[in-house]
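Show me the folded form of this:
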Amino acid sequence: MYVIGTAGHVDHGKSTLVQAVTGIHPDRLKEEREREMTIDLGFAWLTLPGGEEIGIVDVPGHRDFIENMLAGVGGIDAVLFVVAADEGVMPQTREHLAILDLLQVQGGVVALTKIDLVDQDWIELVEEDLRRVLSGTILENASIVPVSSRNRQGLPELLKALEDSIKNRPSRPDLGRPRLAIDRIFTISGFGTVVTGTLSDGRLRLGDELEILPAGYRGRIRGLQTHKRKEDTAVPGSRTAVNISGVSLEQIQRGDVLAHPGDYLPTRRIDVRFRLLGDVSQSLKHNTEVKLFIGATEVIARVRLLGNEELIPGESGWLQLELSSPVVSIRGDHYILRRPSPGETLGGGIVIDPYPKGRHKRYSEEALTGLQRLEQGTPAEIFQQALIAVEIGSLKDVIERSNLNSSSAHLAAKELLENGQLIRLNSSQAGAGETSGANADRIILEETDIVISQDFWNRIRTKFTRETSNYHRIYPLRQGIPREELKSRSITMTNIPPKLVNSILNLLVASGQLEENGLLIRMPSHHIQFSQQQEESIQRLLEKFKRNPYSPPSVKDCQAEVGEDLYQAMLVSDALLAVASDVVFRKEDVDKAIAEIRRLIVHDGPITTAQVRDHFDTSRKYALALLEYLDRVKITIREGDYRHLYGKNQ
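All right, here's what the predicted structure looks like:
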């Protein structure tokens, strides 16, 4: 399904021609009919001779309503360009043509109207003049069809030319993320709020949940119509009316975008390629205030020129536009800039990056090179630039930012995965990562997968390893940094979403950048080493254990003797073994006790705490702590006051 837009000077017969070929008068307003002049957008539809149904958007031709015209031509597939034979090319003829050329509307037909008012020689002169004006524009090769809406002369030929202009043209892409630029809002008694627009990028279905952007109001589709025909599903390229429940008329305005929740994010800054028209009154300077027209949206913007001090008429360049209010845009969208006062169309181009990370330095080679890649690069280069901008997010986020179709995006992602420029968090393996090489051939990329740019991964890796190394430097006697402490620090030292920190840590461990030991994280190269002074302190403490192996120093005494960190290091190195929170033995003494208690039970039968106390010449406190430890490690099992050997130890 396609949408045709009219264009041309005021009073050249656009609306009359639309009525003649469709039977529908597109002027909706009483004032328009009284003045016989189109003020706002009008809509009609028809079926071409070959059976193709098309929608028509009729736009005002008067220069005072050029901004309404811009709201209507942003989503058209072809143009019905109207020039009156009795007047020929006029100022708005030229301005509308320039706008269509900037928007790169892919062809159309020129209708030379009112031929019943002039003779054949005059028609030929006007056609000749038209060819000169159209030369070098998107309508250079368009058919010029002389017509009269009054006597219907030439109308069959016009319809055939319209059909030829869209023949073999590919359908609008279905990217699975519909958006409808709202150009009309009204209410119907008993039904509520209705919006209309040209649907792109995906399908809408009855019952779908909706989001009105940029405000974020939520609603649901209550009804769908295309050309006043009820539909269960609206397809890309169709003029669509959507009856919405849950959103009031006052909450919506022209230029808002209707979409599925979460598919699009509004932006207040966009990077664009721009062409300044050759006949504008003055050059474009940095920091100029302009009006941006994109889709059906109109918003004030401020120009940041990149790589130039100014653009002179006819030149092209890079701009970063700072917007006064948010808009919805994707890479590849066409737009127009106008000077607010005095009103003048300056030029236009395409959106290159709808979500730049920040304000570019105006002469940054890195920024300019990145924009060139986004404009002209291969799918892999375009995807890579989008990935660099996202840094870390779902594959779906990167695909949407790149505006590549799903097939091209997945092939590009796999190419980057294979050469290590994309890092994937494998959610199916509890966060373990797969990066590149032979593994890539076996990986099926899902749009829910979390992906990371190589550059951001390198920064993450550096920050995590540096933080861990610093911890080792400050606490050399500790085995590692507690995992939760490292996670907490990482949230402040990077912009990783907190819910992904575990997956990042798992990937760092899986790739050998870090090691995990229980609840601790350490560098692979980290080993606890004691100084000579520390070794002497350890030996002094161990001598005290040696003198009374089963009536040892308390934990508090140990910490006072060697310090808390060195005491913990002795536990880690198995020099000491904590059998209770307040009881610690030498590891070798515990091993000897286990062997002796096993021997006693085998020889004499079950043993009591008192017997262990007396056998080892210690106190009940130490005997009980030792036995409870043996119960925990399943050496013994308690039955009443007695301990038996546990299971296989018998």
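
Verify the stated contact: residue 558 with residue 584.
Yes: between residue 558 and residue 584 there is a contact at 6.4 Å, judged by CB atoms under 8 Å. Backbone N, C-alpha and C define where each C-beta goes, glycine included.

overlap in contacts of these two?
Common contact partners of residue 558 and residue 584 (CB atoms under 8 Å, 6 or more residues apart in numbering): residue 576.

Look up the pLDDT of residue 470 for me, please.
Note for residue 470: predicted pLDDT of 91.

secondary structure class for it?
Secondary structure, DSSP: H, G, I helix; E, B strand; the rest coil: residue 470 is helix.

Run a quick neighbour tally on it.
Neighbourhood size, residue 470 [other CB atoms under 10 Å]: 12.

got it, and residue 292?
By other CB under 10 Å, 23 other residues sit near residue 292.

Please name the bridge partners of it.
residue 299, residue 337 (DSSP bridges).

element containing residue 591, please.
Taking DSSP states H and E as the criterion, the element that holds residue 591 is helix 587-604.

for residue 190, that is, sorry about that
Under DSSP H and E, no helix or strand contains residue 190.

measure it to residue 206 for me?
Relative to residue 206, residue 190 is positioned 17 Å away (CB to CB, to the nearest Å).

before we move on, the earlier item: just give the strands next to the helix or strand that the helix holding residue 591 is followed by in its sheet, each with its orientation.
Once helix 587-604 ends, the next helix or strand along the chain (criterion: DSSP H and E) is strand 607-608. In the sheet, strand 607-608 lines up against strand 642-645 (antiparallel) (DSSP bridges).

any residues touching the strand it pairs with, and which ones?
597-598, 601-602, 606-608, 627, 630-631, 635-637, 650.

switch to 7 Å and redo it
The contact list for strand 642-645, computed with CB atoms under 7 Å, 6 or more residues apart in numbering, reads 598, 601, 606, 607, 608, 627, 636, 637.

what does the domain assignment say about the protein?
As given by automatic domain parsing, the domain ranges for the chain are 2-166, 179-259, 267-370, 377-383+391-527, 532-649.

And the last one, how far out from the chain middle?
The reference is to domain 532-649. Taking CA atoms, centre = their mean, to the nearest Å, the mean C-alpha location of domain 532-649 is offset from the chain mean by 59 Å.

Looking at residue 190 and residue 206, which one has more neighbours?
Using other CB under 10 Å, the more surrounded residue of residue 190 and residue 206 is residue 206, with 15 against 5.

contacting residues for the more buried one?
Contacts of residue 206 (CB under 7 Å, 6+ apart): 221, 224, 232.

Find me the pLDDT at it, would you?
For residue 206, the pLDDT comes out at 95.

do residue 495 as well
68.

What of residue 191?
The per-residue pLDDT reported for residue 191 equals 84.

Surely it touches residue 242?
No: in this structure, residue 191 is not within contact of residue 242 by CB atoms under 7 Å, at 11.1 Å.

Counting neighbours, go ahead and name the busier of those two.
Between residue 191 and residue 242, counting by other CB under 10 Å, residue 242 is the more crowded of the two (23 against 12).

Specify the next element, helix or strand, located C-terminal of the helix or strand containing that one.
When elements are assigned from DSSP H and E, residue 242 belongs to strand 239-245. Once the chain leaves strand 239-245, the next helix or strand it forms, by DSSP H and E, is strand 257-259.

Below-threshold pLDDT in the protein: ranges please.
Counting by pLDDT under 70, the ranges of the chain that qualify are 28-39, 61-62, 64-65, 426-443, 492-495, 648-650.

what separates the residue most central in space within the chain from residue 387, distance-wise?
Closest to where the C-alpha atoms of the chain average out (CA atoms, centre = their mean) is residue 397, at 3.4 Å. Remark: distance between residue 397 and residue 387 (CB to CB) = 9 Å.

Kindly report the same for residue 105.
Residue 105 sits 32 Å away from residue 387, going by CB to CB.

all strands for the stretch 51-200 of the chain, in order.
53-58, 78-84, 108-113, 143-146, 179-188, 192-200 (DSSP state E, counting those that start in this stretch).
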